[in-house]
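**Student:** Take a look and give me a structure for this.
(chains A and B)
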Protein chains: 2
Amino acid sequence: MPHQLKLQFEKMITITDAEFEYVLSHFSYKKLKKHQFLVQIDDYVPNDFFVLKGLLKSYHLDENGKMYIVQFAMQDWWITDYQAFYNQNKATLHIDCLEEVEVLCLSLENREKICSELHKMEHYFRKKSNMGYVLLQQRILSFLSSNAKERYETLLILQPDLFQRVSKSLIASYLGVSRETLSRFAK
Amino acid sequence: MPHQLKLQFEKMITITDAEFEYVLSHFSYKKLKKHQFLVQIDDYVPNDFFVLKGLLKSYHLDENGKMYIVQFAMQDWWITDYQAFYNQNKATLHIDCLEEVEVLCLSLENREKICSELHKMEHYFRKKSNMGYVLLQQRILSFLSSNAKERYETLLILQPDLFQRVSKSLIASYLGVSRETLSRFAK
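**Tutor:** Residues are numbered from 1 along each chain as shown, chains lettered A, B, ... in the order given. Predicted coordinates for the structure are as follows:
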């Protein structure tokens, strides 16, 4: 059975076993319990994370403790506080585990190193970033032009798994609506 | 005086004159009048655009003709309907000119070609995409967690030029607030 990360790469590039082993040697493995933090606000963020197993959320807390969810990430997704990671700034987001989680950690230095050494890895990360950009642009458009019910229905189509694994109040926070509003149309 | 696009590349990569001339040969030049469309909804979107001069906006129109602005782009910015461009789908956005505009057009095929032939171009586009991703993520967070006044003040800090060149109603549409709400705090 090929490595889960290799299968992920092979969605966009061809990579030999030797190349993959070399790339993989730049990652480290981490296992976390439910509720444990992967990133905390004001920490430096040395790593990007590839999710092998489990489910995480990234979010901002305002001064009243209200939570705003930026992203969920499950198996085969990448997650970090990208603003902090790319710019080597302190985190403005928390990332914590909604389930027991296993991730592979890739430092910015190692990410740049493998991109520089292997053109195909630069290609993979460019393509991933392009796809992520499109998804975010669609989410922005949904904030501008869709009402809460439409945003809910779009999420239900795009990420049906999420509704089995995440509470209604977290879905509400991701959509930017109150729990009460959500329950008017979420069955 | 070096070419404007070369200066743009040189913010992230080193590129020789010969390499730059080769890359530039993959672009075509286009000049547009104020109010002219660069992209229209339901068109195919063969090109990404580098803005040499002028100002554009990309936006969605709902069934009532209400406008939702996704992006402004001025000199040295890239703009297109990326969802349509990357996936070779029909546009879901309009892009039109707020001023007289000059752009360089790069087709997806040529973009992939120069990225594949020149590792440094792949690096440039990956870095641009990473930066764009961070900006969009910050905009999403601002929709979730900031009120209209805070979003206005952030935009004023990030893009002060825009306020000299764009009407208040377009700024309101970009921020997702009514013109009336905006005028309560915009002087």
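**Student:** Chain A: strands as residue ranges?
**Tutor:** A:27-32, A:37-39, A:47-53, A:55-61, A:67-74, A:78-79, A:94-97, A:101-107 (DSSP state E).
**Student:** So which other helices or strands are in contact with the first one?
**Tutor:** Counting contacts by 3 or more CB pairs under 8 Å, 6 or more residues apart in numbering or on different chains; DSSP states H and E, strand A:27-32 is packed against strand A:101-107. Bear in mind the C-beta positions are built from the backbone N, C-alpha and C, glycine included.
**Student:** The shortest one too?
**Tutor:** In this structure, strand A:78-79 makes packing contacts with strand A:47-53, judged by 3+ CB pairs under 8 Å, 6+ apart.
**Student:** what comes up buried for the longest helix seen in chain A?
**Tutor:** If you go by DSSP state H, chain A has its longest helix at helix A:119-145. By neighbour count on 16 or more other CB atoms under 10 Å in any protein chain shown, the buried set for helix A:119-145 is A:119-134, A:136-137, A:139-145.
**Student:** just stretch A:47-56 next, same as before
**Tutor:** A:47, A:48, A:49, A:50, A:51, A:52, A:54, A:55, A:56.
**Student:** The last one is in contact with residue A:75, isn't it?
**Tutor:** In this case it means residue A:56. No. Here residue A:56 does not reach residue A:75: they are 10.6 Å apart, not a contact under CB atoms under 8 Å.
**Student:** Please list the residues of chain A that sit near chain B.
**Tutor:** A:60, A:62, A:66, A:68-70, A:82-83, A:86-87, A:92, A:115-116, A:119, A:122-123, A:125-126, A:129-134, A:136-141, A:143-145, A:176 (CB under 8 Å from any CB of the partner chain).
**Student:** Residue A:66 is in contact with residue A:59, correct?
**Tutor:** No. Applying CB under 8 Å, one finds residue A:59 not in contact with residue A:66, separated by 10.0 Å.
**Student:** more neighbours, the two?
**Tutor:** residue A:59 (22 against 12; other CB atoms under 10 Å in any protein chain shown).
**Student:** so what's the more buried one closest to, chain neighbours aside?
**Tutor:** Nearest non-adjacent residue to residue A:59, counting by CB to CB, 6 or more residues apart in numbering or on different chains: residue A:69, 4.6 Å away.
**Student:** What about the one you found, how many residues nearby?
**Tutor:** Neighbour count of residue A:69, defined by other CB under 10 Å: 21.
**Student:** Tell me how far it lies from residue A:167.
**Tutor:** From residue A:69 across to residue A:167, the span is 11 Å (CB to CB, to the nearest Å).
**Student:** do the same with residue A:102
**Tutor:** On the measure of CB to CB, residue A:102 and residue A:167 end up 22 Å apart.
**Student:** pretty sure residue A:111 contacts residue A:128?
**Tutor:** No. Using CB under 8 Å, residue A:111 makes no contact with residue A:128, being 11.3 Å away.
**Student:** Of all the strands of chain A, which one comes closest to residue B:97?
**Tutor:** Across the strands of chain A, residue B:97 has its closest neighbour in strand A:67-74 (32.9 Å, CB to CB).
**Student:** got the contact list for the residue nearest the centre of chain A?
**Tutor:** Centroid-nearest residue in chain A, with CA atoms, centre = their mean: residue A:79, separated by 3.1 Å. Residue A:79 is in contact with A:38, A:48, A:49, A:51, A:56, A:58, A:71, A:73, A:95, counting by CB atoms under 8 Å, 6 or more residues apart in numbering or on different chains.
**Student:** Model confidence for it, exactly?
**Tutor:** pLDDT recorded at residue A:79 is 97.
**Student:** same question, the one 10 residues further on
**Tutor:** In the predicted model, residue A:89 carries a pLDDT score of 93.
**Student:** Not counting sequence-adjacent ones, nearest residue to it?
**Tutor:** In this structure, residue A:89 finds its nearest non-sequential neighbour in residue A:83, 6.6 Å apart by CB to CB, 6+ apart.
**Student:** Tell me, what's the model's pLDDT at the one you found?
**Tutor:** Taking residue A:83 on its own, its pLDDT is 93.
**Student:** What separation do you get for it and residue B:137?
**Tutor:** Residue A:83 is 7 Å from residue B:137, by CB to CB.
**Student:** do the same with residue A:178
**Tutor:** Counting by CB to CB, the gap from residue A:178 to residue B:137 is 23 Å.
**Student:** next one: residue A:80
**Tutor:** In terms of CB to CB, residue A:80 sits 11 Å off from residue B:137.
**Student:** coming back round to it: including distance to residue B:150, could the strands of chain A go into JSON lines?
**Tutor:** Putting the strands of chain A into JSON lines (distance: least, CB to CB, whole Å) gives the following:
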{"stretch": "strand A:27-32", "distance to residue B:150": "33"}
{"stretch": "strand A:37-39", "distance to residue B:150": "24"}
{"stretch": "strand A:47-53", "distance to residue B:150": "29"}
{"stretch": "strand A:55-61", "distance to residue B:150": "13"}
{"stretch": "strand A:67-74", "distance to residue B:150": "13"}
{"stretch": "strand A:78-79", "distance to residue B:150": "26"}
{"stretch": "strand A:94-97", "distance to residue B:150": "20"}
{"stretch": "strand A:101-107", "distance to residue B:150": "33"}
